[in-house]
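Novice: Prediction below, plus the sequence it came from.
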Amino acid sequence: MHIRLTGAAPADSAVEREVAGFLARCDGNRTLLELAGELAAKVNVPPEQVREQCCNVVRTLASRRILHLARE
């Protein structure tokens, strides 16, 4: 699967199905910790491992301006 940003600065990134589902739920209603916990339960992987991988994905996508991070 690919996620694609169109517009003035187009970007494209390949992602696994589970990651795409995780990103689709990044809508500002839940924290990254909550989303990573849900994904860990879904794929039956230790939460700490999923948290680390989710943070890496979010950092990468934010650095490519595909994902916008906001602080509350």
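Specialist: Cool, got the structure. Residues are numbered from 1 along each chain as shown.

Novice: Could you pull out the helices in the chain for me?
Specialist: Here the chain has its helices, by DSSP state H, at 17-24, 32-43, 47-63.

Novice: Any chance of JSON lines for the ones you listed, columns distance to residue 71?
Specialist: C-betas here are computed from N, CA, C, even on glycine. Formatted as JSON lines, the helices of the chain follow (distance: least, CB to CB, whole Å):
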{"stretch": "helix 17-24", "distance to residue 71": "19"}
{"stretch": "helix 32-43", "distance to residue 71": "12"}
{"stretch": "helix 47-63", "distance to residue 71": "12"}
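
Novice: And for the nearest residue to residue 28 once chain neighbours are set aside, the neighbour number?
Specialist: The spatial neighbour of residue 28 that comes closest, neighbours along the chain excluded (CB to CB, 6 or more residues apart in numbering), is residue 70 at 7.1 Å. Residues within reach of residue 70, counting by other CB atoms under 10 Å, total 5.

Novice: Residue 36 now?
Specialist: For residue 36, the neighbour count with other CB under 10 Å is 23.
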